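*Asks:* sequence first, predicted model second:
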Amino acid sequence: MIQCKDLKKIYTTGDVQTAALKGVTFSIAKGEFVAIIGPSGSGKSTLMHILGALDNPTSGSYFLDGKEVSKLDDDELSDLRRDKIGFVFQAFNLLPRTTVLRNVMLPLLYSQTSEAEREERARQCLKYAGMEENKFLNLSNQLSGGQMQRVAIARALINNPAIIFADEPTGNLDTKTSHVVMEAFQELHKKGHTIILITHEAEIAAFASRVMTIRDGLIESDIKK
């Protein structure tokens, strides 16, 4: 699913160069649940942006599902992100005065599917993510943090992506709710989804079946359970 070889990323500010990634090589197979853990400034967010096709490395190669991402043009990148990738963020990124159902339907707004088809797919994804059906017509700002993250997971699933990226998905949640959300990710993994989780918390990383530790722009360890 993912192949990275000698990825480097250098940021330049004036005359100052900062190496966020210093030569990272690894692969991730289809169906894996991988946590990438590291302290602030370790390079994990930079790596996430590259893996999510939101940024390109300064050097090295990155293949996603057989395509070298840095060689794609803007239209091809948009298609890749739309068709292959689902994102779940710390801040949920839901529209607050919009129903749960319509938040999940949003990525399908410009698709060729009918309104009825979009709604049915959204309902299926919400159930799949463990969301209670009696909440589907609630506004998202009427939900708890854990419920909002489940809606965000359902929205990430709506295009049936090959891979789900979760960037600090429990960062705004208490410990109990964090565990409930991570158990939802574990269920998705059991159903065959490929998941890459970015976190700085070892307790959250432990829910994954493989933990990669990154520090100072290099992979310090890579442990499969």
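*Replies:* Yes, it's here.
*Asks:* which residues touch the worst-scoring helix or strand of the chain on mean pLDDT?
*Replies:* Of all helical and strand segments in the chain, the minimum by mean pLDDT, DSSP states H and E falls on helix 74-84, at a mean of 86. For helix 74-84, the external contacting residues (C-beta atoms under 8 Å, 6 or more residues apart in numbering) are 52-54, 64-65, 67, 69, 72, 107, 159, 161-163. The C-beta positions use only the backbone N, C-alpha and C, and glycine is treated the same way.
*Asks:* quick one: buried residues of that helix?
*Replies:* Buried positions in helix 74-84, judged by neighbour count with 16 or more other C-beta atoms under 10 Å: Leu80, Arg81, Lys84.
*Asks:* buried ones among the contacts of helix 74-84?
*Replies:* Gly52, Ala53, Leu64, Asp65, Val69, Leu72, Pro107, Asn159, Pro161, Ala162, Ile163.
*Asks:* and the first one, what is it in contact with?
*Replies:* Going back to what we said before, that points to Gly52. Contact analysis of Gly52 by C-beta under 8 Å, 6+ apart lists Arg81, Ile85, Phe87, Phe165.
*Asks:* now swap in the fifth one and tell me
*Replies:* Neighbouring residues of Val69 by C-beta under 8 Å, 6+ apart: Ile50, Ala53, Asn56, Tyr62, Phe63, Leu77, Leu80.
*Asks:* got a list of what Asp65 touches?
*Replies:* By C-beta under 8 Å, 6+ apart, the residues touching Asp65 are Met1, Lys84, Ala162.
*Asks:* dig out what the closest residue to Ser45 other than its chain neighbours forms beta bridges with.
*Replies:* Nearest residue to Ser45, sequence neighbours excluded (C-beta to C-beta, 6 or more residues apart in numbering): Ile198, at 6.8 Å. Assessed by DSSP bridges, Ile198 has beta-bridge partners Ile36, Asp167.
*Asks:* helix, strand or coil for the residue nearest the centre of the chain?
*Replies:* Nearest to the mean C-alpha position of the chain, by C-alpha atoms, centre = their mean, lies Phe165 at 1.4 Å. Under DSSP: H, G, I helix; E, B strand; the rest coil, Phe165 falls in the strand class.
*Asks:* lovely, talk soon.
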